[in-house]
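Visitor: no sequence on this one, just coordinates:
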């Protein structure tokens, strides 16, 4: 006999499962093809749903894309950001961010922000503005950590903290792109790359 004590999925559960599958499919599509070439019918098909199911969740491509960027940010905060926040030392926090981001970027979904930032560069578009807001928030957070490290004298003096933060984020993104698929090296080399930007000895960096 079937287990009558097992709870059946509620409508809310089914809706969340559908939404998550569509977000994952759209994230893969945005990472591979960009916003301009994203086809909603294909997103729905690859998620295992109809186009009608997609439009039940999202009103159009812009709405779907902005939902994807929010979902990815929430995932990053859960898988990377919370560990950064747990580090009381600014240098440890910055290196934790670099290592965690390298691991996060092993999945297609992590490259959506980079792809969209390049695609919408110089354009006044809601998706582009949303991506830039997220980028600026990351740079501001890194700037604060660099300033705190300099105050603690664990990060040496040098160019303005914001300039170093911009270089930090640029080196972080560039390294994870260059090392795509190099799982055995990406985490360590990303951490060592950003350590150099901070003015630290990269050879002092090792994996925990």
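Guide: Received the coordinates, thanks. Treat the numbers as computed from the prediction; the structure is a model and nothing was measured.

Visitor: where does this structure dip in pLDDT?
Guide: Within the chain, the stretches with pLDDT under 70 are 1-8.

Visitor: If we use 50, what do you get?
Guide: 1, 5 (pLDDT under 50).

Visitor: where do the strands sit along it?
Guide: Along the chain, no segments are classed as strands by DSSP state E.

Visitor: Tell me where it has helices.
Guide: Remark: helices assigned in the chain by DSSP state H are 11-33, 40-47, 51-57, 61-76, 82-85, 90-104, 112-119, 126-151, 161-178, 186-198.

Visitor: nearest spatial neighbour of the most centrally placed residue in the chain, skipping sequence neighbours?
Guide: The residue lying closest to the centre of the chain (Cα atoms, centre = their mean) is residue 110, at 4.6 Å. Of all residues not flanking residue 110 in the chain, residue 104 sits nearest, at 4.9 Å (Cβ to Cβ, 6 or more residues apart in numbering). Every C-beta, even on glycine, is put in place using the N, C-alpha and C of the backbone.

Visitor: hang on, that neighbour packs against residue 76?
Guide: Yes - shown here, residue 104 and residue 76 form a contact pair, counting by Cβ atoms under 8 Å, at 6.1 Å.

Visitor: Need the residues touching each of the two.
Guide: Shared contacts of residue 104 and residue 76, defined by Cβ atoms under 8 Å, 6 or more residues apart in numbering, comprise residue 110.
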